[in-house]
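S.K.: Dropping the sequence and predicted coords here.
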Number of protein chains: 2
Amino acid sequence: MVSKNQIKLISGLHQKKQRFANQLFFAEGVKVIQELLQSNFELEHLYTTQNDFEKVSPSNRTLINDQELKKISALITPNTCLAVFKIPAENKINNSGLIVALDDIRDPGNLGTILRLCDWFGIKQIICSKETVDIYNPKVVQATMGSIARVNVNYVDLKDFLSQTKLPVFGTFMNGDNIYQTALPQDGIIIMGNEANGISAEIEKIITNRLTIPRFGELQKTESLNVATATAIILSEFKRNS
Amino acid sequence: MVSKNQIKLISGLHQKKQRFANQLFFAEGVKVIQELLQSNFELEHLYTTQNDFEKVSPSNRTLINDQELKKISALITPNTCLAVFKIPAENKINNSGLIVALDDIRDPGNLGTILRLCDWFGIKQIICSKETVDIYNPKVVQATMGSIARVNVNYVDLKDFLSQTKLPVFGTFMNGDNIYQTALPQDGIIIMGNEANGISAEIEKIITNRLTIPRFGELQKTESLNVATATAIILSEFKRNS
């Protein structure tokens, strides 16, 4: 059974303010929870409707029913389990290889999908502007499908961070070099911009290498790509010859 | 003002059954509506909170207030306008060039994003299995950002369609040819599978060319890419040398 206080705590964790105050977040579903358990995340408590997760100590595990799960879940169709984890201290930024930097990504699904892409392409570091959606937002955690355990994410003043780097800084615009015809290095920072406004003016100034993903077709009316699909194409290009 | 009957009609159009019965669908937001108006879609009626869309005849245009828009909108945060369009007759399938075929894509956001990607990469034809989400679902229309006007979409029995084609049929799997090292033609059918189950067994049998998007990084634990981001990478590879 889940107590009223536990329901109150977990409901609070739907909000960033309460996640920060309690230094806790939650994940749902067997796959995501198992990935987090196998990584360095520290379990606070597991709630499950099945007699599963035998490896988790009984003191950290509560059997609940579907109605109770529904009360604490962030999903329209809850899975069978929800686990509360401690938010780990931010690791030091890994300043080598390819880094993806996010300039105010607001949609949780986009951030989660980008994290999953970074994991696929072996990118170990994501830098987020302070205005980027919280990585421990339940929708982000869900969309990462467990990749959150394998990519280092730091929140920084993006302008300050970029001003100090010695790495080349890449951004995609309508008027840059054709990404398919440009030699791309294995070390560098790739900036992805906000869903509505793209890369902000103050960040654009710091960019050293302007790239373009060419459009095809006669009409060329499509104005933009979704930021997650653009990230997919860019990471594929950076890694395909590596 | 919007009448009770109009509210009832538009609310019905949130459901596939009613869209089919009335042969109508709706779109929201200035950008999407303008793209549809400029294309071959026939406007049934426009509802707007602004005195805009001057080119639309007053008999086809109703000024409404925010409360009225909220009643008919499918969006949590409604835009300023909603337009009802006639569902056009399906065009004949364009059997040349690259064709994207969808094997039971269920998420409206994914279908909309794939349509937008096809538009970007100059793909003129999408073939959907009968179980694929309806292209006139409001969430699909929204996610296409207007690209729905520029890509031909047909719903067919996918197995029958593929059995009759002479084009090479491509699918991505964990154990195919490295997509980065394979010569890719400018004519062919690219199959994208269901979000949870991938490409179905009966469709897999018909595939002539098995491809793989390689994973990078030491751990290689990421099990899959989101279907829209996978489509982005695949289309980019097919088109980059064209």
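M.R.: Good, I have the coordinates.

S.K.: tell me what the lengthiest strand in chain A is packed against?
M.R.: The residue-count maximum for a strand in chain A (DSSP state E) belongs to strand A:169-178. Packing contacts for strand A:169-178, counted by 3 or more C-beta pairs under 8 Å, 6 or more residues apart in numbering or on different chains; DSSP states H and E, involve strand A:188-193, helix A:201-204, strand A:209-212, helix A:227-239. (Each C-beta comes from the backbone N, C-alpha and C, glycine too.)

S.K.: Try it again at 7 Å.
M.R.: strand A:188-193, strand A:209-212 (3 or more C-beta pairs under 7 Å, 6 or more residues apart in numbering or on different chains; DSSP states H and E).

S.K.: residues touching A:A74, list them.
M.R.: A:H14, A:E28, A:P138 (C-beta atoms under 7 Å, 6 or more residues apart in numbering or on different chains).

S.K.: residues in contact with A:N152?
M.R.: A:N91, A:N94, A:K124, A:Q125.

S.K.: how about the residues of chain A that lie near chain B?
M.R.: A:113, A:116-117, A:119-122, A:147, A:150, A:180, A:215-217, A:219, A:221-222, A:225-226, A:228-229, A:232-233, A:236, A:239-240 (C-beta under 7 Å from any C-beta of the partner chain).

S.K.: Could you turn the buried ones of the residues you listed into a ChimeraX selection?
M.R.: To isolate in ChimeraX the members of the residues of chain A next to chain B that are buried, counting by 16 or more other C-beta atoms under 10 Å in any protein chain shown, one can use:
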select /A:113,116,117,119,120,121,122,147,150,180,215,216,217,221,222,225,226,228,229,232,233,236,239,240
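
S.K.: Excluding covalently adjacent residues, which one is nearest to A:N137?
M.R.: In space, and not counting its chain neighbours, A:N137 is closest to A:P108: 4.8 Å by C-beta to C-beta, 6 or more residues apart in numbering or on different chains.

S.K.: In this structure the one you found contacts A:D134, no?
M.R.: No: using C-beta atoms under 7 Å, A:P108 is not in contact with A:D134, being 8.4 Å away.

S.K.: Now for A:V56, how many residues are close by?
M.R.: For A:V56, the count of nearby residues is 16 (other C-beta atoms under 10 Å in any protein chain shown).

S.K.: pLDDT at it, what is it?
M.R.: For A:V56, the model assigns a pLDDT of 93.

S.K.: How about A:V32?
M.R.: At A:V32, pLDDT is 90.

S.K.: if I pick it, what's in contact with it?
M.R.: Applying C-beta under 7 Å, 6+ apart, we find A:V32 in contact with A:V141, A:Q142, A:M145, A:G146.

S.K.: Sheet-wise, list the partners of the longest strand of chain A with their directions.
M.R.: strand A:188-193 (parallel), strand A:209-212 (parallel) (DSSP bridges).

S.K.: Now it: buried residues?
M.R.: So, applying 16+ other C-beta under 10 Å, buried residues of strand A:169-178: A:V169, A:F170, A:G171, A:T172, A:G176.

S.K.: got it, and stretch A:74-82?
M.R.: So for stretch A:74-82, counting by 16+ other C-beta under 10 Å, buried means A:A74, A:P78, A:N79, A:T80, A:C81, A:L82.

S.K.: Can I get the residues you listed in a markdown table including secondary structure?
M.R.: Output for these, formatted as a markdown table (DSSP: H, G, I helix; E, B strand; the rest coil):
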| residue | secondary structure |
| --- | --- |
| A:A74 | coil |
| A:P78 | coil |
| A:N79 | coil |
| A:T80 | coil |
| A:C81 | strand |
| A:L82 | strand |
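
S.K.: Turn the residues you listed into a markdown table, including pLDDT.
M.R.: Converted to a markdown table, these look like this (pLDDT from 0 to 100):
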| residue | pLDDT |
| --- | --- |
| A:A74 | 90 |
| A:P78 | 90 |
| A:N79 | 90 |
| A:T80 | 94 |
| A:C81 | 96 |
| A:L82 | 96 |
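
S.K.: Out of these, the closest to chain B would be?
M.R.: A:N79 (13.0 Å; C-beta to the nearest C-beta).

S.K.: which residue packs closest to that closest one, ignoring adjacent ones?
M.R.: A:G29 (4.1 Å).

S.K.: Quick check, the one you found in contact with A:T77.
M.R.: No: checked against C-beta under 7 Å, the pair A:G29 and A:T77 is beyond contact range at 10.8 Å.

S.K.: Distance check, A:S224 against A:P138.
M.R.: 27 Å (C-beta to C-beta, to the nearest Å).

S.K.: So the two - more neighbours on which side?
M.R.: A:P138 (21 against 17).

S.K.: Wait, A:G112 touches A:V140, no?
M.R.: Yes: A:G112 lies in contact with A:V140 (C-beta under 7 Å); the separation is 4.5 Å.

S.K.: residue contacts, A:K239?
M.R.: A:K239 neighbours (C-beta under 7 Å, 6+ apart): A:F121, B:F216.

S.K.: Also A:I206?
M.R.: A:L162, A:S163, A:V169.

S.K.: what's it sitting at in phi/psi?
M.R.: phi -90, psi -10 (degrees, to the nearest 10).

S.K.: if we can go back for a sec, pipe the contacts of A:I206 into a markdown table and attach pLDDT per row.
M.R.: A markdown table is the format used below for the contacts of A:I206 (pLDDT from 0 to 100):
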| residue | pLDDT |
| --- | --- |
| A:L162 | 97 |
| A:S163 | 95 |
| A:V169 | 98 |
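
S.K.: could those residues go into TSV alongside distance to A:L102?
M.R.: Listed next are these as TSV, based on distance: C-beta to C-beta, whole Å:
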residue	distance to A:L102
A:L162	12
A:S163	17
A:V169	13
